[in-house]
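**Q** Sequence first, predicted coordinates after that:
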Amino acid sequence: MGSAELTRHTLAADLIAEIRTWDVKLKDNAKAMAALVAESESRLTGTPGIGAVTAARLLGRTGNPTRFPTAGAFAQYAGTAPIEIASADRARHRLSRRGDRQLNAALHTVAITQIRMPGTRGHAYYQAKLTEGKTPREAQRCLMGATESGNAQFRSRQQVSTIAARSIGLLV
């Protein structure tokens, strides 16, 4: 074996060791988050599409839920409140680029996961929006932030995040 080959093998071994170290750290971090979510007595992990890591992200990014007096306040904070775009005689809505982007990303993860899980209320809601004539992207935006709960009903996009958050224990 030449010196170049030996150097390549050494570098590869170092990278593998580093990856294994980070893998252990990630697993320990996930266990710690699962313990903290369980300690918080949150019902988030009982919702299809929300595991311990996503639940920890949602709880951590939301903070004290009582600070949101209205559905619109939480939707704006999460970046899921729609913004009207009007041109000529057509008015459309798009999602805001404002708000807590990390919370928005966690809500997006939940929405996408539920879209892919037949039998969940999120999937049924998404299919209903497609049936109404919405494009897949518009239907996804409508679902954004909505998660399953026993009693929550899906409503307008502006309220969907707050309803979901209340139903899964983020808001009281």
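**A** Thanks, I have the structure now. Residues are numbered from 1 along each chain as shown.

**Q** what about the helices in this protein?
**A** Ranges of helices in the chain, per DSSP state H, are 3-39, 52-62, 71-78, 101-115, 121-131, 136-143, 157-167.

**Q** Out of those, which gets nearest to residue 85?
**A** Using C-beta to C-beta as the measure, helix 136-143 is the one of those that comes nearest residue 85, at 12.6 Å. In this view, the C-beta of every residue, glycine as well, is placed from N, C-alpha and C.

**Q** The closest one - contacts with which helices or strands?
**A** With contacts taken as 3 or more C-beta pairs under 8 Å, 6 or more residues apart in numbering; DSSP states H and E, helix 136-143 sits against strand 90-95, helix 101-115, helix 121-131, helix 157-167.

**Q** Okay, now the unreliable bits of this protein?
**A** Applying pLDDT under 70 to the chain flags residues 93-95, 144-172.

**Q** So which of the helices of the chain is the most surrounded?
**A** Most buried of the helices of the chain, by mean neighbour count (mean count of other C-beta atoms under 10 Å): helix 157-167, with a mean of 24.

**Q** measure residue 34 to residue 54 for me?
**A** Remark: distance between residue 34 and residue 54 (C-beta to C-beta, to the nearest Å) = 11 Å.

**Q** no wait, residue 38
**A** Residue 38 sits 14 Å away from residue 54, going by C-beta to C-beta.

**Q** now swap in residue 45 and tell me
**A** On the measure of C-beta to C-beta, residue 45 and residue 54 end up 9 Å apart.

**Q** Same check on residue 100?
**A** Note on residue 100: its distance to residue 54, by C-beta to C-beta, is 15 Å.

**Q** Also residue 121?
**A** For residue 121, the distance to residue 54 (C-beta to C-beta) stands at 17 Å.

**Q** now residue 71
**A** Residue 71 is 21 Å from residue 54, by C-beta to C-beta.

**Q** Kindly report the same for residue 119.
**A** 19 Å.

**Q** same thing with residue 83?
**A** For residue 83, the distance to residue 54 equals 26 Å [C-beta to C-beta].

**Q** What of residue 12?
**A** From residue 12 to residue 54 the distance is 33 Å (C-beta to C-beta).

**Q** go on, residue 131?
**A** In this view, residue 131 and residue 54 are 28 Å apart by C-beta to C-beta.

**Q** and what of residue 113?
**A** Distance, residue 113 to residue 54, by C-beta to C-beta: 8 Å.
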